[in-house]
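Visitor: below: sequence and its predicted model.
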Amino acid sequence: MTPGDGRFILIHAEIIGLIESSVERGHPSREAGGILLGSYRGDHIEVSGFTTPYPQDRRSFALFDRIDPLHQSSALRTWQQSTGTDTYIGEWHTHPEASPSPSWLDRRTWRKLINRSHAPMVFAIGGFSDIWWGLGDVDGIRSLYEHVE
Ligand SMILES: [Zn+2]
């Protein structure tokens with residue numbers, strides 16, 4: 001995947017599989033989500049790991065609120081085990097729709113995270129048919145969907 005500016009974003013296949021298999025259908029269904037883990041390689045980003053919902057996360061039909069502290073400790077453990085190359089790199093969650101796009105709340109939440117991390121971040125939303133991918137940095141959040149290769 002590329003944002004069209006020479007940068008590449010490499011997503012490991014098991015992450016795509018995880019997001020696809022986390023989308024719940026029917027009633028009652030709940031959104032799922034977690035963080036994305038990976039590394040910055042020059043201008044490029046490799047997404048190689050993830051967390052899945054933990055018990056304290058808030059989950060409902062149209063909401064995933066990642067509040068369980070285990071996501072953060074998982075990111076810290078990954079960083080330590082990789083001796084500082086792999087880190088918290090983004091967010092994923094699911095939507096109960098075919099071709100998802102970020103909600104107003106998603107964008108507001110992500111902008112706060114970007115401002116805190118001072119680094120580009122990758123965002124994914126899984127739906128029944130498609131996964132929406134985005135890249136966010138201080139210039140804003142852009143959809144990568146049109147540039148899928
Ligand atoms: Zn959302």
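Guide: Arrived safely. Residues are numbered from 1 along each chain as shown.
Visitor: and the closest residue to the ion within the chain, how many neighbours?
Guide: Minimum separation of the chain from the ion (Cβ to the ion) falls at residue 106, amounting to 4.1 Å. The way it works is simple: take the backbone N, C-alpha and C, and place the C-beta from them, glycine included. Residues within reach of residue 106, counting by other Cβ atoms under 10 Å, total 20.
Visitor: shaky segments in the chain?
Guide: 145-149 (pLDDT under 70).
Visitor: who's sitting farthest from the centroid in it?
Guide: In the chain, residue 27 marks the outermost C-alpha relative to the chain mean, sitting 24.4 Å out by Cα atoms, centre = their mean.
Visitor: strands of the chain, start to end?
Guide: Along the chain, the segments classed as strands by DSSP state E run 9-11, 33-41, 44-50, 58-60, 63-65, 87-94, 121-126, 131-137, 140-143.
Visitor: buried residues in the fourth one, which are they?
Guide: When neighbours are counted by 16 or more other Cβ atoms under 10 Å, the buried residues of strand 58-60 are found to be residue 59.
Visitor: show me what it is packed against.
Guide: Secondary-structure packing of strand 58-60 (3 or more Cβ pairs under 8 Å, 6 or more residues apart in numbering; DSSP states H and E): strand 63-65.
Visitor: please name every helix or strand in contact with the strand it packs on.
Guide: Using 3+ Cβ pairs under 8 Å, 6+ apart: strand 63-65 touches strand 58-60.
Visitor: residues near the closest residue to residue 96 other than its chain neighbours, how many?
Guide: Using Cβ to Cβ, 6 or more residues apart in numbering and skipping the chain neighbours, the partner closest in space to residue 96 is residue 29 (5.7 Å). Using other Cβ under 10 Å, residue 29 has 15 neighbouring residues.
Visitor: now do the same end-to-end measure for stretch 77-86.
Guide: Start-to-end span of stretch 77-86 (Cα to Cα, to the nearest Å) is 10 Å.
Visitor: doesn't residue 31 make contact with residue 60?
Guide: Yes: in this structure residue 60 lies within contact range of residue 31 using Cβ atoms under 8 Å: 7.1 Å.
Visitor: roughly how far does residue 74 sit from residue 15?
Guide: 14 Å (Cβ to Cβ, to the nearest Å).
Visitor: let me redo that: residue 39
Guide: Noted for residue 39: a distance of 14 Å to residue 15, by Cβ to Cβ.
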